[in-house]
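Novice: Fold the following, please.
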Amino acid sequence: MKINSVSSYQIITFICICFISCSDFLDMNPTDTYTDDSFWKTSSQAVDAINACYRALNETDLFGSDQAPIFHYENLTPNSYHKDNNREIAIYALGAHTSTTLGMNVSTWRGCYRGIGRCNNVIDKVPAIEMDGNLKNRIIGEAKFLRAYYYWTLNAMFGGVPLVLTSPNMEEHGNLPRSTHEEVVAQIIKDLDEAVPVLETKYAAAEDGRVTKGAALTLKARVLLQNHDYAGTVKACEDVFALNRYELFSDYNGIFRQANIGNSEVIFDVRWLYPTYSHGYDIFHGQYQTQTPVQGLIDAYQMIDGKSISESPLYDPDKPFENRDPRLDGTVAWIGKPWRGRIALATEFFTTGYTFIKFTEYSVATTGAALTGSINPYVVLRYADVLMMYAGALNEQLSAPSEAVYKAVNDVRDRVNMPPLPTDLSQSQMRDAIRLERRIEFAGEGYYFHDIRRWGIAQDVMNDAYVYKSNLAPDAGPVGGQRKFRADRDYLFPIPYTEIDLNPKLVQNPGY
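Specialist: Below you'll find the model as predicted:
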């Protein structure tokens, strides 16, 4: 046992409210700080408390830092490669992790329980505050959405975790056993169902970025789809459509730019306030080249005629980026492409010959500015996913694709002027088309990690796969070792052994 280990329950007990600080122990009635007993009194304090629930997303354990764990999900798919071993990501990708590996698992566990503790305090203590009833209910609804998001993240990674649903208490929560995956899902859906009626459909500019009805319904659809509840997914997506609130943004790469924060496609995103807090996504992708696309992802993009590179007469291996699906240009920079005010060189794209340009600002061709802390939002939920979830779930319910399935997929393709799908697809063929469409539409966003697990194909697309550099790189070929995925173990991550040391009721996942 590590003597400096701190359990997740201690974390959420002692830092669950980031704006409450300790005072001199001789001062029994402090006037410049708050205690838990003196804090929960006013509506402004309720707003501060819910803001702290959002703020947990900005921590380095979740979306913060230049190597945000959220990016590592993509590195556990055939889409990208991580040249270092931040949070043991290379170990996970090679299937070499064990029960004692501490990386993404401990970061996610710690970051999510930090957020859960803050949300629980809001849900427990805001009801007693005398304030406007609508605002009170909305704040509680926001906290329930965020708690649901944190539990969804934990459940997807670990498959059942301890359900802590009240304000942090070491005696009560320090030795809780794991709830089942199904029990956690039920609580997530309960929280989201209770949040929807009290959340706003749209906020005024000063409140923009807060959780909306659409966000709660979209997260509900995602949770239900991940658990193969196709009817429930269709209904949740139809409820989003009925809001008449969202539409596809015309500029695909522009979805992720600072200038377009809160655009028509964004349903929920993680935002930043420079210089108080920012991220290093530009440094991550633009300078260090730490996480980069691989040749296999590039080859998956279709030509503008809707055919693969092996089928289309438009494909020229000497000019491989011409006549391609425009989303390739909106997602990836490559050797020879205009980039940061110049032409990208092989010496700059030294990892795989490519880099992602979503969630970055200075990697576009119009600037050569220094790579510094930036504030591009991380788009967590967007409308294209609602359309694709709807199409995928509805297709699974039917013996053959319906007009509604085609329309949802073709709307996403039409946004980038890609041709519609062939009209005579079988259910199986449409399933394959949707899977490819999801891989391309959401490349670099972490969606594919969940997709290949939901489809049960992770062992097929990851096992014995080598990571290949760009065909344009001077040293083109395999890099990074041979990836492995054990179907009997790797669909779930190991519970951090430090948590099991502190709470023996936490039973480890099978295979570890």
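
Novice: Mind jotting down where the strands sit in the stretch 1-150 of the chain?
Specialist: Counting by DSSP state E, counting those that start in this stretch, the stretch 1-150 of the chain has strands at residues 80-82.

Novice: what about it, any weak spots by pLDDT?
Specialist: Low-confidence segments of the stretch 1-150 of the chain, defined by pLDDT under 70, are located at 1-36, 66.

Novice: With the stretch 301-450 of the chain instead?
Specialist: Where the stretch 301-450 of the chain drops to pLDDT under 70, the residues are 362-373.

Novice: ok, 50 please
Specialist: 363-368 (pLDDT under 50).

Novice: Could you measure from the nearest residue to Leu398 once chain neighbours are set aside over to Val507?
Specialist: Excluding the flanking residues, the one nearest Leu398 by CB to CB, 6 or more residues apart in numbering is Gln427, at 6.6 Å. Any C-beta I mention is one placed from the backbone N, CA and C, and that applies to glycine too. Using CB to CB, to the nearest Å, Gln427 is found at 39 Å from Val507.

Novice: One more: Arg415?
Specialist: Separation of Arg415 from Val507 (CB to CB): 46 Å.

Novice: ok so, going back, and Gln427 and Val507? which has more neighbours close in?
Specialist: Relative neighbour count places Gln427 above the other of Gln427 and Val507, with 14 against 11, counting by other CB atoms under 10 Å.

Novice: who are the neighbours in contact with that one?
Specialist: Gln427 makes contact with 395-396, 398-401, according to CB atoms under 8 Å, 6 or more residues apart in numbering.

Novice: Tell me the gap between stretch 450-467 and the middle of its chain.
Specialist: With CA atoms, centre = their mean, to the nearest Å as the basis, the distance from the averaged C-alpha position of stretch 450-467 to the chain average is 18 Å.

Novice: mind saving the C-alpha coords of that stretch as CSV?
Specialist: Presented in CSV, the C-alpha positions along stretch 450-467 are these (Å, rounded to 0.1, in the frame of the first residue of the first chain):
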residue,chain,number,x,y,z
HIS,A,450,-17.2,4.2,-27.0
ASP,A,451,-18.5,3.2,-30.5
ILE,A,452,-16.1,0.2,-31.0
ARG,A,453,-17.0,-1.0,-27.5
ARG,A,454,-20.7,-0.6,-28.0
TRP,A,455,-20.5,-2.5,-31.3
GLY,A,456,-18.3,-5.2,-29.7
ILE,A,457,-15.6,-4.9,-32.3
ALA,A,458,-12.7,-3.5,-30.3
GLN,A,459,-10.8,-6.8,-30.5
ASP,A,460,-11.3,-6.8,-34.3
VAL,A,461,-10.0,-3.3,-35.0
MET,A,462,-7.3,-3.1,-32.4
ASN,A,463,-5.8,-6.6,-32.1
ASP,A,464,-2.5,-7.2,-33.9
ALA,A,465,-2.8,-3.7,-35.5
TYR,A,466,0.3,-1.7,-36.2
VAL,A,467,0.3,2.1,-36.2
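
Novice: Pull out the buried positions in that stretch.
Specialist: For stretch 450-467, burial by neighbour count (16 or more other CB atoms under 10 Å) applies to 450-454, 458-459, 461-462, 465, 467.

Novice: Burial check on Val332, number of neighbours?
Specialist: Residues near Val332, counting by other CB under 10 Å, number 22.

Novice: Show me what it bridges to in the sheet.
Specialist: With DSSP bridges as the criterion, the beta-bridge partners of Val332 are Phe356.

Novice: Settle this for me: it is touching Ile357, isn't it.
Specialist: Yes. Look at Val332 against Ile357 with CB atoms under 8 Å: they come within range, at 6.7 Å.

Novice: max-length helix in the chain?
Specialist: Here the longest helix in the chain is taken by residue count, with DSSP state H as the criterion, and it is helix 133-158.

Novice: so what does that helix touch, helix or strand wise?
Specialist: Helix 133-158 is packed against helix 43-55, helix 104-125, helix 181-195, helix 213-226, with contacts defined by 3 or more CB pairs under 8 Å, 6 or more residues apart in numbering; DSSP states H and E.

Novice: quick revisit: inside helices: which ones of the buried residues of stretch 450-467?
Specialist: Helix and strand membership here follows DSSP H; of the buried residues of stretch 450-467, those in helices are 450-454, 458-459, 461-462.

Novice: Closest one of these to Gly141?
Specialist: Distance from Gly141 was checked for each of these by CB to CB. The minimum falls on His450, at 24.7 Å.

Novice: Including distance to Gly209, secondary structure and neighbour count, could the contacts of Gln427 go into a markdown table?
Specialist: Formatted as a markdown table, the entries for the contacts of Gln427 read as follows, by distance: CB to CB, whole Å; DSSP: H, G, I helix; E, B strand; the rest coil; neighbours: other CB atoms under 10 Å:
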| residue | distance to Gly209 | secondary structure | neighbour count |
| --- | --- | --- | --- |
| Asn395 | 33 | helix | 25 |
| Glu396 | 34 | helix | 18 |
| Leu398 | 37 | coil | 13 |
| Ser399 | 42 | coil | 8 |
| Ala400 | 41 | coil | 13 |
| Pro401 | 36 | coil | 23 |
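
Novice: Need the max-distance pair from these.
Specialist: For these, and using CB to CB, no pair is farther apart than Glu396 and Ala400, which are 11.9 Å apart.

Novice: quick revisit: out of the ones in helices among the buried residues of stretch 450-467, give me the two with the largest separation.
Specialist: Pairwise distances across these peak at 15.5 Å for His450 and Gln459 (criterion: CB to CB).

Novice: and Glu182, how many neighbours?
Specialist: When counting by other CB under 10 Å, one arrives at 11 neighbours for Glu182.

Novice: what's the distance between it and Ala231?
Specialist: As it turns out, when the distance is counted by CB to CB, Glu182 lies 17 Å from Ala231.

Novice: Could you list the buried residues of the helix or strand in which Asp432 is found?
Specialist: For Asp432, the element it lies in under DSSP states H and E is helix 427-441. Of the residues in helix 427-441, those buried under the neighbour-count criterion (16+ other CB under 10 Å) are 430-431, 433-435, 437-441.

Novice: Put together JSON lines for the contacts of Gln427, with distance to Asn471 on each row.
Specialist: Compiled in JSON lines, those are given as follows (distance: CB to CB, whole Å):
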{"residue": "Asn395", "distance to Asn471": "34"}
{"residue": "Glu396", "distance to Asn471": "36"}
{"residue": "Leu398", "distance to Asn471": "40"}
{"residue": "Ser399", "distance to Asn471": "41"}
{"residue": "Ala400", "distance to Asn471": "39"}
{"residue": "Pro401", "distance to Asn471": "35"}
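
Novice: Among those, which one sits closest to Cys112?
Specialist: When the contacts of Gln427 are compared for distance to Cys112 (CB to CB), Glu396 comes out closest, at 29.3 Å.

Novice: For that closest one, give its distance to Tyr230.
Specialist: Note on Glu396: its distance to Tyr230, by CB to CB, is 5 Å.
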